[in-house]
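[1] got a predicted model here, sequence first, then my questions.
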Amino acid sequence: MQVYKLYYKAMFNSSLRIIGNKFDAEDMMQDSFLDAFRRIEQYKEEGSFGGWLKRIVINNSLDFVRQQKRETELPENLEIVDDTIDSSAMDDIKLKDIKIAMEKIKKEYRIIISLYLFEGYDHEEICEILGISYNLSRTRYSRAKKKLLEEIQSIQKERSIKWA
């Protein structure tokens, strides 16, 4: 119970960012804890327990999303696009706006943003986790950032119209 209390919030948030649904994320997080406890003998103490547990949560969450048969996959031969965002556009972004925008973007975009920005995986690790090419990982990430920024700007614009 102490291990659960120590890690449940972080694991829930990791799952929620990938799945995008609180109820499914809660179920997935609990299932992942059960998986971890069943396979505790596989933990080799080479890294932190939290890191090992997070990997289980992320893998289970990704498996859940795959089972949901979301949008069709993008072709593997996409070219890499510029992945920079104008820093002036990032000024005045509120956490609430980011959360709302994350709910509005495609699951494949939400997943790649979550893995890269929030979970700290690099594109090589993301390729292995998602079973996609390095170029596709970078392309999806670039497109996801662009779409996320567009959604955030749209949310902020709507808010400013309401208050005007």
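    In hand now; what should we look at? Bear in mind the structure is a predicted one, so any value in this text is a computation, not a measurement. Numbers count the residues shown, from 1 in each chain.
[2] show the backbone phi and psi for Gly20.
    The phi/psi pair for Gly20 (degrees, to the nearest 10) reads phi 80, psi 10.
[3] contact partners for it?
    With contacts defined as C-beta atoms under 8 Å, 6 or more residues apart in numbering, Gly20 is in contact with 102-103, 107, 110. Using the backbone N, CA and C atoms, a C-beta is placed for each residue, glycine as well.
[4] residue ranges for the helices of this structure, please.
    Here the chain has its helices, by DSSP state H, at 2-19, 22-38, 49-67, 95-104, 107-113, 123-130, 134-163.
[5] what is the rounded mean pLDDT of the longest one?
    Put plainly, it is helix 134-163. For helix 134-163, mean pLDDT rounds to 87.
[6] list the helices and strands that helix packs on?
    Judged by 3 or more C-beta pairs under 8 Å, 6 or more residues apart in numbering; DSSP states H and E, the packing partners of helix 134-163 are helix 95-104, helix 107-113, helix 123-130.
[7] sorry, back to before: would you turn the contacts of Gly20 into TSV with pLDDT?
    Output for the contacts of Gly20, formatted as TSV (pLDDT from 0 to 100):
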residue	pLDDT
Met102	88
Glu103	86
Lys107	87
Arg110	90
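[8] out of those, flag the one nearest to Asp31.
    The shortest approach to Asp31 among these belongs to Lys107, at 19.0 Å (C-beta to C-beta).
[9] look up how far Glu128 lies from the closest one.
    Counting by C-beta to C-beta, to the nearest Å, the gap from Lys107 to Glu128 is 19 Å.
[10] these two: which is more packed in?
    Each of Lys107 and Glu128 has its neighbours counted (other C-beta atoms under 10 Å); Lys107 has more, 15 against 10.
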